[in-house]
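Novice: Next come a sequence and a model predicted from it.
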Amino acid sequence: MNLTIHPRVIEGFSKDITTDQATSLWTYSIDAYQFTQCQKCNAPSLHLDSFHVKDIDENTSQKWASIKSDLENLGKCESYQISSTSFPRFNKSLLHEKKWSFDLPKDDMLLFFEVISAYEKGLFILALSGIRTLIDRYLIKKVGDIGRFERKLKKMLEDKHISKTQYEILNTIIDGGNASNHRGFRPEEEMVKTFLDVVEDIISLDYKTKQFNKFKEQIPKRNYKIVTKLRYLMTIHLQVPRLILRQWQDSDTAPFIQMCADNEVMRYFLNPLTEQQSLAFMQRIQNFIATHGWGLFAVEQKSNSEFIGFIGLHQHLEHYDFAPCIETGWLLAKQYWHNGYATEGAKAVLDYAFRELQLDNAVSFTTVLNTPSEKVMQKIGLSKVKTFAHPLVPADHPVLMHVLYQIDRQSYLQAH
C-alpha cells in the first residue's frame, strides 16, 4: 500500500437571506490517497478519504500529522467528518473498460481516475479541465516542457508522434478546456465523453503497446531462405536422376527467349520466335500449368540449376484429325543436346501421364526431317501411326510433312 496525504483549500460562500449579501468562507480538507494492488490480478485501486477540518489555524500541520499517523497505524481516522470514494468501481464505473490506465504513472493514473469520477458525477467542466491536463502531461512526456500548448502540439506533429488529424483534434480539446476554465463555457455530456474517448485512444496507445517489443522478440522470425526453398519445392512436379521438371519462374525468361530465337534450335519449326512471341508463349504455358497442374514443364539441371529447355505435355483440342489429344513434347537449348536429357525427361513425363493423370493415350509428332526427336519417341516406347501434312504449315514449307507416334495406357503399363 502507498499512502499520500495532501491538504486542499476550499472556498465557499454564505448568503444572508435578509440582506442578500454573500460572504466568502475559507476552509480546507485533508485528502488521503491510499493506493493498493490486488494480490490476485495486480490491478491497482485508489481509496480517497477527504477529512473536513474546516478551520484554518496554526494547528493545521498538527492535524495533518495526526490524520497521517492514525491512517498508518490504525487504518482509519475518526476525528473529523469524512467523505470517501474508491476507484475503480468496476461494477458501474467506466474504468471497467479502461484497465489500460492501470499502467499509467501514479500521478497520471490518479488524474485519470478523477476525470472519470468527475464525468460520472456530471461535473463536466471539471472533467474537461482534467482532460486538458492529461493532454498537457502527455505532450510534456513526449517533447518536453517547451512552452505553450500550441508549441508543444506543433513539435508533436513535426516529430510524427501524432498525425495532422490528431493535431487538430487535440487542439480542439485544449481550446474547449481553456474555454471552460476561463470563458464560462459549460460542455455537454456528449462532448466530454467524446473528448475523453479520443484522448484515451491517443494516449493509451503508448501503454497498451508497451509490451510489443517483448512480444516481437517472442514471435519466431521468418527464415527467408527456408521460405524461398519451400516456394521453389512447391513448383517441382517431377524429378529424374539428372533433371528437375517444374513450373516456370522469372529466371527462365532470358534463356528461354534466347533458345527460341536460335535458328538451329528452331529449324524444325516455321520460324524462330521474336522476344514478344516467346514471352507470350511462356505466359500461356505458365497459365496452363497453374490451372491444370501439368503442362510443358521448365527443365533445369540438378547439378547447376541451369534452365535447359522444356519437356512435358501439351493439349490439342482441334486442327488435327486425331484431336483432341495430349502430346508429349520437348525443346532443349542446343548446348544440352546429345546428353540423353530429352529421353530421360520424356520417359518421366509419359509415366506421369499414365500413372498419375490416368490418360488413355498420348501422342507425339514432329516433322519428318527431325530424326533426333523421332528416335526419342521410339526410345520412350511410342509406335509410329502415320505420316501427315501438318494443317497449320504452308504447303510449300519444308516442315509440312509430319510423323505421328502414339501409345495407350494399357500398352504402356504392360511394358512398364
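Specialist: Noted; the coordinates are in hand.
Novice: now the strands: where do they sit in this protein?
Specialist: Assigned by DSSP state E, the strands in the chain fall at 2-15, 22-37, 44-52, 81-87, 236-239, 243-246, 296-301, 307-316, 325-332, 361-367, 383-389, 401-408.
Novice: Sheet-wise, list the partners of the fifth one with their directions.
Specialist: Think strand 236-239. Strand 236-239 pairs in its sheet with strand 243-246 (antiparallel), by DSSP bridges.
Novice: that older thread, out of the strands of the chain, which is closest to Asn287?
Specialist: strand 296-301 (11.5 Å; C-beta to C-beta). From N, CA and C alone the C-beta is placed, and that goes for glycine too.
Novice: Show me how far the closest one is from its chain's centre.
Specialist: A distance of 35 Å separates the centroid of the chain from that of strand 296-301, by C-alpha atoms, centre = their mean, to the nearest Å.
Novice: and the angle for that strand with strand 325-332?
Specialist: In terms of direction (axes from the mean of the first three to the mean of the last three C-alpha atoms, to 10 degrees), strand 296-301 departs from strand 325-332 by 30 degrees.
Novice: which other residues reach strand 296-301?
Specialist: Residues from elsewhere that reach strand 296-301 (C-beta atoms under 8 Å, 6 or more residues apart in numbering): 237-238, 242-249, 252, 256, 285, 288-289, 306-314, 329, 332, 336, 341, 345, 349.
Novice: Quick one: mean pLDDT over it.
Specialist: Strand 296-301 shows an average pLDDT of 96 in the prediction.
Novice: For that strand, output the C-alpha coordinates as PDB.
Specialist: Taking C-alpha atoms only, strand 296-301 is exported to PDB below (Å, rounded to 0.1, in the frame of the first residue of the first chain):
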ATOM      1  CA  LEU A 296       5.100 -28.200 -70.700                       C
ATOM      2  CA  PHE A 297       7.400 -28.000 -67.600                       C
ATOM      3  CA  ALA A 298      10.500 -25.900 -67.400                       C
ATOM      4  CA  VAL A 299      13.600 -28.200 -67.100                       C
ATOM      5  CA  GLU A 300      16.700 -27.500 -65.100                       C
ATOM      6  CA  GLN A 301      19.900 -29.500 -64.500                       C
END
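Novice: For it, which strands pair with it and how are they oriented?
Specialist: strand 243-246 (antiparallel), strand 307-316 (antiparallel).
Novice: Buried residues, the last one. List them.
Specialist: By neighbour count on 16 or more other C-beta atoms under 10 Å, the buried set for strand 307-316 is Phe307, Ile308, Gly309, Phe310, Ile311, Gly312, Leu313, His314.
Novice: Out of those, the closest to Phe365 would be?
Specialist: Distance ranking of the buried residues of strand 307-316 against Phe365, using C-beta to C-beta, places His314 first at 10.6 Å.
Novice: thinking again about what came up before, take the strands of the chain and lay them out in a markdown table including distance to Ile162.
Specialist: Below are those laid out as a markdown table (distance: least, C-beta to C-beta, whole Å):
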| stretch | distance to Ile162 |
| --- | --- |
| strand 2-15 | 32 |
| strand 22-37 | 30 |
| strand 44-52 | 27 |
| strand 81-87 | 28 |
| strand 236-239 | 51 |
| strand 243-246 | 51 |
| strand 296-301 | 52 |
| strand 307-316 | 53 |
| strand 325-332 | 61 |
| strand 361-367 | 68 |
| strand 383-389 | 77 |
| strand 401-408 | 73 |
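Novice: For stretch 275-290, what does the pLDDT average out to?
Specialist: Stretch 275-290 comes out at a mean pLDDT of 94.
Novice: ok, back up a step: show the buried residues in the contacts of strand 296-301.
Specialist: By neighbour count, with 16+ other C-beta under 10 Å, these hold 237-238, 243-248, 252, 256, 285, 288-289, 307-314, 329, 332, 336, 341, 345, 349 as buried.
Novice: quick one: low-confidence parts of this protein?
Specialist: Applying pLDDT under 70 to the chain flags the ranges 1-3, 9-17, 19-26, 28, 36-45, 54-58, 60, 86-104, 206-213, 221-235.
Novice: Kindly recompute the last result at 50.
Specialist: Applying pLDDT under 50 to the chain flags the ranges 90-91, 227, 230.
Novice: Can you show me the helices along it?
Specialist: 60-74, 106-120, 124-143, 149-158, 164-182, 189-208, 212-218, 224-235, 253-260, 275-292, 341-355, 371-379, 409-415 (DSSP state H).
Novice: between those, which gets nearest to Tyr80?
Specialist: helix 60-74 (7.4 Å).
Novice: That closest one packs against which elements?
Specialist: strand 2-15, strand 22-37 (3 or more C-beta pairs under 8 Å, 6 or more residues apart in numbering; DSSP states H and E).
Novice: If we use 10 Å, what do you get?
Specialist: The helices and strands touching helix 60-74, judged by 3 or more C-beta pairs under 10 Å, 6 or more residues apart in numbering; DSSP states H and E, are strand 2-15, strand 22-37, strand 44-52.
Novice: Using PDB, write out every CA atom in that helix.
Specialist: Extracted in PDB, the C-alpha atoms of helix 60-74 (Å, rounded to 0.1, in the frame of the first residue of the first chain):
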ATOM      1  CA  THR A  60      -3.100  22.800  10.600                       C
ATOM      2  CA  SER A  61       0.200  20.900  10.400                       C
ATOM      3  CA  GLN A  62      -0.500  19.000  13.600                       C
ATOM      4  CA  LYS A  63      -3.900  18.000  12.400                       C
ATOM      5  CA  TRP A  64      -2.300  16.800   9.100                       C
ATOM      6  CA  ALA A  65       0.300  14.700  11.100                       C
ATOM      7  CA  SER A  66      -2.500  13.300  13.400                       C
ATOM      8  CA  ILE A  67      -4.600  12.100  10.500                       C
ATOM      9  CA  LYS A  68      -1.500  10.500   8.800                       C
ATOM     10  CA  SER A  69      -0.500   8.800  12.000                       C
ATOM     11  CA  ASP A  70      -4.000   7.300  12.500                       C
ATOM     12  CA  LEU A  71      -4.200   6.000   9.000                       C
ATOM     13  CA  GLU A  72      -0.700   4.500   9.100                       C
ATOM     14  CA  ASN A  73      -1.200   2.800  12.500                       C
ATOM     15  CA  LEU A  74      -5.000   2.200  12.700                       C
END
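Novice: Over to stretch 262-270 now: how far is its first residue from its last?
Specialist: Chord length of stretch 262-270, first to last residue, is 13 Å (C-alpha to C-alpha, to the nearest Å).
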